[in-house]
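Asker: compute the structure for the input listed below.
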Amino acid sequence: MKRAIMQYLLVLLVFGFASLQADEKTLNLFIWSEYIDPTVVSDFEKQFHCKVVIDLYEDAEGMMSKLQGGGAELYDVVVPPDYIVPSMRKLGLLRPVRLGKLPNFENIEERFKSPPFDPHNRFTVPYQWGTVAFLPERMHWPGERQVGLCSLSRVGAPIVLY
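Answerer: Coordinates of the predicted model:
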């Protein structure tokens, strides 16, 4: 799973890097706080001999405010939540993806291509997929033992990020 996530990220980063002019050596990334492993960034910088500048946001509303206030021109790659992509498209905040510049796009599983919020991947490529489930402390159902958030893995509940 970690390898697949890193591959998706590299596809996304390569897309952004390919959009830079040849003489530029900086990739500007706008992404959720704590959403990218620093090792992925340093490996990318070494492989492509560039500097990745990361700007973080904490929520989708803050991200949209910054982009609408002129910040869209500051970034090469933006990692928004899926539900906000149609609004970003209507507001002209996205550039079309040049899938021909992404040879590894063919390696992405079909189920992750052409999502409902962006048919034919005109503006997006997958980065991560999954589902997050949380159980409140002390919550239990009849016949079940009490489970805390930290013990989810002990009861066999899958934890996948989306």
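Asker: now the end-to-end length of stretch 62-81.
Answerer: Using CA to CA, to the nearest Å, the span of stretch 62-81 from its first residue to its last is 12 Å.
Asker: for stretch 74-85, same thing?
Answerer: Here stretch 74-85 reaches across 18 Å from its first residue to its last, counting by CA to CA.
Asker: switch to numbering from 55
Answerer: Right, with 55 as the first residue, what we last looked at is stretch 128-139.
Asker: next, the buried residues of it.
Answerer: Of the residues in stretch 128-139, those buried under the neighbour-count criterion (16 or more other CB atoms under 10 Å) are 129-134, 138-139. Placement of C-beta: from N, CA and C, glycine included.
Asker: ok, now stretch 86-94?
Answerer: By neighbour count, with 16+ other CB under 10 Å as the criterion, the buried positions of stretch 86-94 are 86, 90, 94.
Asker: hmm, which two among the buried residues of stretch 128-139 are most spread apart?
Answerer: Farthest pair in the buried residues of stretch 128-139 (CB to CB) is Asp130 and Ile138. Separation: 18.6 Å.
Asker: rewinding a little: of the buried residues of stretch 86-94, which belong to helices?
Answerer: When the buried residues of stretch 86-94 are checked against helices (DSSP state H), the matches are Val94.
Asker: closest one of the buried residues of stretch 86-94 to Tyr181?
Answerer: The shortest approach to Tyr181 among the buried residues of stretch 86-94 belongs to Ile90, at 9.1 Å (CB to CB).
Asker: I'd say the closest one and Asp109 touch.
Answerer: No - applying CB atoms under 8 Å as the test, Ile90 and Asp109 come out as separate, 11.8 Å apart.
Asker: all strands for this structure, in order.
Answerer: Secondary structure of the chain, counting by DSSP state E: strands at 80-86, 105-111, 131-132.
Asker: parallel or antiparallel, which strands does the shortest one pair with?
Answerer: Just to be clear, that refers to strand 131-132. Taking DSSP bridges as the criterion, strand 131-132 forms sheet pairs with strand 80-86 (parallel).
Asker: any figure for the gap between Val107 and Asn82?
Answerer: Relative to Asn82, Val107 is positioned 5 Å away (criterion: CB to CB, to the nearest Å).
Asker: before we move on, back to that, what would the buried residues of stretch 86-94 look like in a markdown table with pLDDT and distance to Gly124?
Answerer: Compiled in a markdown table, those are given as follows (pLDDT from 0 to 100; distance: CB to CB, whole Å):
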| residue | pLDDT | distance to Gly124 |
| --- | --- | --- |
| Trp86 | 90 | 21 |
| Ile90 | 90 | 24 |
| Val94 | 93 | 28 |
